[in-house]
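Enquirer: build me a model from this:
(3 chains)
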Amino acid sequence: MKRCRAGLIAAGAVLVSSLAACGGSASSGSSQPGQAANEVFTYDTTTAVMVDGWDPATEYSDGVIAMSEMYETLTHYNSATGAIEPELATSWTSADGGKTWTFNLRHGVYFHTGRPMTAQAAKAAILRTIKLAGGASYIWAAVKTIDTPDPYTLVFHLSYASPLALQASADYSAYIYDTQAAGGGNALTNWLNAGHDAGTGPYTAQTWNKNQEFEVVLKTFPKYWGGWTGTHFSKVVFRVVPQDTTAAQLLRSGQVSFIEQINSSLWSSFKGDSAISTVSSPSWQNLLAQINSQRLPVTVRQAILYAIDYNGIITALRGAGVASSGIVPPGLLGHFSDLPNYSYNQAKAATLLKQAGYGPGGKALNLSLTYTSGDSNEQVVATIIKSDLAALNVNLSVQALAWPTQWAKGKSAKAAQRQDIFLEYWWPDYADPYSWFANTLETENPPYFNLSYYSSPALDAMINQVEPLVATNKSAAEALYRSMQVTVLQQAPMVSLYNVNYQYAMLSGISGFQVNPAYPNVVFVYDLKP
Amino acid sequence: MIRYAIRRVALAIVVVAGVVILTFVIADLVPGDPAVAWAGPHASAAQLARARQHLGLDQPLPVRIGKYFGGILTGNWGTSIHTHQPVLSDIGTAAPATLELVVAALIIALVAGVPLGLAAARWPGTFLDHTIRVIAVLGVSMPIFWLALILQLVFAQRLRVLPVAGQYDPNLMFTHPLVTRTQMPVVDALLSGNWTVLGSSLRHLVLPAVVVAAYPVGVIARMTRAQVLDTLGETHVQMLRSLGFPERTVISRFAMKLAWNPVTAVLALVFAYSLVNSFLVESIFDWPGLGSYATASVETLDTPAIVGVTLFIGLVYVAANLVVDLVQAALDPRIRLQ
Amino acid sequence: MSTLLARAPGVTAVRRAARANRLITAGALIVAVIVVVAVFAPLLAPYPADAGTATHPEIALQAPSMRHLFGTDQVGRDVFSRVLYGARISPVVAFFVLLIACAIGVPLGIAAGYFGGVTDEIIMRVTDVFLAFPALLLSLAFVAVLSPSLTSVTIAIAIAWWPWYTRLIRGQAASVAGRPYVEACRTLGIPHWRILLRHVLPNSMTPLIVQVSLDAGGVILTISALSFLGLGAQDPVPEWGLMVAEGENYFTTQWWLVTYPGLAILITALAFTLLGDGLRDTLDPRRLPVR
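Expert: Residues are numbered from 1 along each chain as shown, chains lettered A, B, ... in the order given. Purely as a prediction, here's the structure:
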């Protein structure tokens, strides 16, 4: 259940830097949390964060923003350097052409439940994640067996080669957690979903006010392996503020410290304010328009893609988006800037429509589009697309729905109830383009995220081949990603309308923030200095 | 009085029954199959049939209405689709915030509206009268959501004298935690002597309450003015004047007493209207009341929640009318004879 | 002494009539302007296409200037043109709402008042049930379960509004029905419908007209409130409430998106309320319940 965040407008991380009780900050040398400073980091969002429950195995939506504070993965992807870094694993090796992976685990790591993290515990967590088959559990699809020769070594035997160290850094379904919490089994799931966490991260759940404004409160975990020397935030609060303008005002008055995403004109208005620093950064998130391939033939789909004014959209977004090439954003394997992309060409669109009997002078074509309500960027995009299509005698009815409703409609068993164009954001599960193809283009019956309902055995075959290649023959993988994107462009089941440019705003007093597209919109609060 | 009360209560019960049926009609109008919503989009035909049976959709209409009624009376108002909680409990959580807002708005409206109406009636035709009447008519014609945005922009953002949104300063959650008993910060703060939170919540209440008060102020000022003017024109008041009573006494002792009657009558209506008007401003001020709940329900096509809120306010209104009628009848014997 | 004279009934009536005249004039004038704007919008608006599906992203969010009097919105449409075209939306919808509400409410009210007895009881109870809900709420509930559109809004508000007219007309009809000449007509064998049409209806018109014009303002506010909540007009229809909703997120930096459409709503509602006030003072000195 991803993408309910859709743009995360005005998700202001509210930094509640409260009454800083003076009290000396770090008592030298001790590993006491810097709680004397009593700094609270409040993260402001437009829609509730924990909508998918609290299970780290199946989370596939915005909950990752909170979970990234409580849970950790074996490895961590550093997008600045492109390197895979140690997290819960300190080192790893691969053998047998990428079919065997050995991870050496960190010592002295404890779960929030008090138990130490051992290889057995990690293995149990991964096996449970695989068994529940939710979220992005497909990242472990290659795993055949897991061995634990000693308490700090984890050995994976895969049925085919796969870049496992990379996959273990995923932002979904890669968390290591205590499967013994609350007695394990079903009790564990219920206990988690009541608002508890069983992770190893620096923060742990304190309260969950479901469906209320101050939705989640996290407190420090004193036994965190990273220690608490220096100044850190002592609490993390997730606050739900649906209005962009309110969030902006909260930031200005210092009640919020970090705004995740806000409409660009409000973001630009922060520029002159010395108390606020703005951060603009490219991301691996793009906005997809998925066209109903069961209902509309390929000529009509191509016509629609030619009819859209991509540059107009980017202009209207005012810096929140940049032009896409193909489906894969820059910075990832498989991105090519020289693909045969669509450009705004009304004449060509008209010709194609005419072939199907539509277009100006032909029959009127009635289509429906759905997007996620609350997202002003998507609203602007939808309005422009509607206007572009209207010039070609295509009547587009636009519907803004809350994400769960929009998604349910797209997955509706009655095909007649489904929309013709579905707008949603997508970002990768780990630093690799596989996620786009496996989730939005592979044949799905019933549909889940493939909301163009596209089914091509040829493309499915290519998708099945590509991941092992990433581990064994990178250039072959790249070539395959290229031909997949060319196919998708020709068949026109979907297009990436633009690549999202993160526009963050935060209080200028906070230092240590680094944007990491591999973990979209996640702020690693532990790394920040109040 | 007893007979009147019984008649009036019986009437209210009939209306309540009708209200419940009307909400059932609304709930029933939903296009689409509730069985699908229950069983999920991947359900097989057999599962759908079972779901239909479980939900009672295969039963005749009178039975369904009866079950709905039974559910309402026993407190089962359905489950909200977007919160996954029972609708009645959601309403219970959200209603106090709206109540706080509306009561504050009505207090402002009475404190402002009645004196304004009186002043206008005292000096009719003057510049003061015209100004007050313009203000009143503006209040009645005001788009509430627009007023909310404008006031928020001016006072909270540009002038920074009032807070932007929320019920009270979030920092206080950690430094002066509030003991919640009634879910109304002002009341809870008073009850527990938490003066910091009290001050903060009062400050946060100002803008939303003023906005919601716009319409009631207009109505109350107009009513007061009209009623007082009418009374002042009547013979017995003229007689008082000719007997030498000063104008001030005439107004305060005689005209005002009779003016309270229509104001009280309209209070129930104004209360219900303000309840609903607050829907429009709650999302603007992040006020966690029925309005925010209703807008969220609308966005998620959450029919049980929408119907629940509608039913709730309908019942509140019927109750309010009943109370007002009984109070008026107790005070004014003429009413009982109608 | 002078105060006594000033408040003598005759003087008061004259004063009332004079004031009523001013109110009617003011209200009628603004309403006339609105009607003219609505009818001649294509000629008055500098960019008529902007009220439809045209978009110009390259000039989005521009401040008011000579070229765009009220600025441009988030996709570059001229706000001034859209506000002008908005006069074709809410007032027209309000007209239909009131028409339908009268079409339902008046006959029911006449039936209840004239025939009395059981008919009266039943109709009045049903009216009570509908009146148990504030209009905005009932119409919100109806539209939320139907699909949001201006048509749904029209029907929904009409459903919420008709009971007021039933109640109003019932009183009139009941009083007329009790009059001796009506009884005389019945004795002469004149059919009911004739009596209703020639006697009851004309006598009920005056309070109805007054109430309708007083209500028009409220209906317009309800329409724009529903559109503001996303339940009424859908983009690109230039409905004022919808424009305020779309501009909400840009409001603190681009104030013109919200200010002008909101002002239009205010002025329109104000005009009808003034008109209604004036009509009431002239036509029906008995104070009607203020709503």
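Enquirer: just give the closest residue to residue C:149, not the sequence neighbours.
Expert: Using Cβ to Cβ, 6 or more residues apart in numbering or on different chains and skipping the chain neighbours, the partner closest in space to residue C:149 is residue C:234 (6.7 Å). Every residue, glycine included, has its C-beta placed from N, CA and C.
Enquirer: and for residue B:222?
Expert: Distance criterion Cβ to Cβ, 6+ apart; nearest residue to residue B:222, sequence neighbours excluded, is residue B:136 at 4.9 Å.
Enquirer: could you do residue A:345 as well?
Expert: Leaving aside its sequence neighbours, residue A:345 sits nearest to residue A:306 (Cβ to Cβ, 6+ apart; 4.7 Å).
Enquirer: tell me the predicted confidence for that neighbour.
Expert: pLDDT, residue A:306: 96.
Enquirer: so after the helix or strand that contains the residue nearest to residue B:222, what's the next helix or strand?
Expert: Assigned by DSSP states H and E, residue B:136 belongs to helix B:127-141. Heading C-terminal from helix B:127-141, the first helix or strand you meet, by DSSP H and E, is helix B:144-151.
Enquirer: and that following helix, what does it pack onto?
Expert: helix B:195-233, helix B:256-282, helix C:201-228, helix C:240-247, helix C:256-283 (3 or more Cβ pairs under 8 Å, 6 or more residues apart in numbering or on different chains; DSSP states H and E).
Enquirer: so for it, mean pLDDT?
Expert: Here the average pLDDT along helix B:144-151 is 94.
Enquirer: wait, the residue nearest to residue A:345 touches residue A:352, no?
Expert: Yes: counting by Cβ atoms under 8 Å, residue A:352 is a contact partner of residue A:306 at 6.8 Å.
Enquirer: what's the overlap in contacts for those two?
Expert: Counting by Cβ atoms under 8 Å, 6 or more residues apart in numbering or on different chains, residue A:306 and residue A:352 have no common neighbour.
Enquirer: quick one: buried residues of stretch A:374-392?
Expert: For stretch A:374-392, the neighbour count (16 or more other Cβ atoms under 10 Å in any protein chain shown) marks A:374-390, A:392 as buried.
Enquirer: ok so, going back, can you report how many residues lie near the residue nearest to residue A:345?
Expert: Using other Cβ atoms under 10 Å in any protein chain shown, residue A:306 is surrounded by 22 other residues.
Enquirer: how about the residues of the stretch 301-450 of chain A by chain B?
Expert: For the stretch 301-450 of chain A, the contact set with chain B under Cβ under 8 Å from any Cβ of the partner chain comprises A:373-374, A:401-402, A:404-405, A:408, A:411-414, A:417, A:446.
Enquirer: so where is the stretch 151-291 of chain C shaky, pLDDT-wise?
Expert: Scanning the stretch 151-291 of chain C for pLDDT under 70 picks out the ranges C:284-291.
Enquirer: can you rerun that using 90?
Expert: C:168-211, C:213-214, C:230-236, C:248-253, C:274-291 (pLDDT under 90).
Enquirer: hang on, the earlier thing: need the contact list for the residue nearest to residue C:149.
Expert: Going by Cβ under 8 Å, 6+ apart, residue C:234 touches A:397, A:398, A:399, C:148, C:149, C:242.
Enquirer: which parts of the stretch 201-338 of chain B sit against chain C?
Expert: So far as Cβ under 8 Å from any Cβ goes, the stretch 201-338 of chain B lies against chain C at B:219, B:222-223, B:226-227, B:230, B:232-233, B:238, B:241-242, B:247, B:266, B:269, B:272-273, B:275-277, B:279-280, B:284, B:294-295, B:297-299, B:301, B:303, B:306-307, B:309-310, B:313-314, B:317-318, B:321.
Enquirer: and the residues you listed, which of them are buried?
Expert: Buried members of these, scored by 16+ other Cβ under 10 Å, are B:219, B:222-223, B:226-227, B:230, B:232, B:238, B:241, B:266, B:269, B:272-273, B:275-277, B:279-280, B:284, B:294-295, B:297-299, B:301, B:303, B:306-307, B:309-310, B:313-314, B:317-318, B:321.
Enquirer: list the contacts of the residue of chain A most remote from its centre.
Expert: Within chain A, the residue lying farthest from the chain centre (Cα atoms, centre = their mean) is residue A:361, at 43.2 Å. By Cβ under 8 Å, 6+ apart, the contact list for residue A:361 reads A:354, A:393.
Enquirer: try it again at 7 Å.
Expert: The contact partners of residue A:361, by Cβ atoms under 7 Å, 6 or more residues apart in numbering or on different chains, come to none.
Enquirer: over to the one 5 residues further on?
Expert: Under the criterion of Cβ under 7 Å, 6+ apart, the neighbours of residue A:366 are residue A:395.
Enquirer: quick one, longest helix in chain A?
Expert: The helix spanning the most residues in chain A, taking DSSP state H as the definition, is helix A:474-491.
Enquirer: next one: it to chain centre, how far?
Expert: 23 Å (Cα atoms, centre = their mean, to the nearest Å).
Enquirer: continuing past that helix, what's the next helix or strand?
Expert: Next along from helix A:474-491, by DSSP H and E: strand A:494-507.
Enquirer: can that following strand be found next to chain B?
Expert: No: on the criterion Cβ under 7 Å from any Cβ of the partner chain, strand A:494-507 is out of touch with chain B, staying 14.1 Å away.
Enquirer: sheet partners, orientation included, of that strand?
Expert: If you go by DSSP bridges, strand A:494-507 pairs up with strand A:258-259 (antiparallel), strand A:276-291 (antiparallel), strand A:321-322 (antiparallel).
Enquirer: got the angle for it vs helix A:474-491?
Expert: Strand A:494-507 and helix A:474-491 are oriented at 110 degrees to each other (axes from the mean of the first three to the mean of the last three Cα atoms, to 10 degrees).
Enquirer: figure out how far strand A:494-507 is from the centre of its chain.
Expert: That offset, for strand A:494-507, works out to 12 Å (Cα atoms, centre = their mean).
Enquirer: of the contacts of residue C:234, keep whichever come out buried.
Expert: Using 16+ other Cβ under 10 Å as the burial test, the contacts of residue C:234 include A:398, A:399, C:148, C:149, C:242 as buried.
Enquirer: tabulate those residues (TSV), appending secondary structure.
Expert: Formatted as TSV, the buried ones among the contacts of residue C:234 follow (DSSP: H, G, I helix; E, B strand; the rest coil):
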residue	secondary structure
A:398	strand
A:399	strand
C:148	coil
C:149	coil
C:242	helix
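Enquirer: between those, which is closest to residue A:102?
Expert: Ranked by distance to residue A:102 (Cβ to Cβ), the buried ones among the contacts of residue C:234 are led by residue A:399 at 51.1 Å.
Enquirer: surely that closest one touches residue A:370?
Expert: Yes: between residue A:399 and residue A:370 there is a contact at 5.0 Å, judged by Cβ atoms under 7 Å.
Enquirer: thinking again about what came up before, closest to residue C:277 out of the strands paired with strand A:494-507?
Expert: Per Cβ to Cβ, nearest to residue C:277 of those: strand A:258-259, 47.1 Å.
Enquirer: what mean pLDDT does the closest one get?
Expert: Strand A:258-259 carries an average pLDDT of 90.
Enquirer: following element in sequence after that strand, please.
Expert: Assigned by DSSP H and E, the successor of strand A:258-259 is helix A:264-268.
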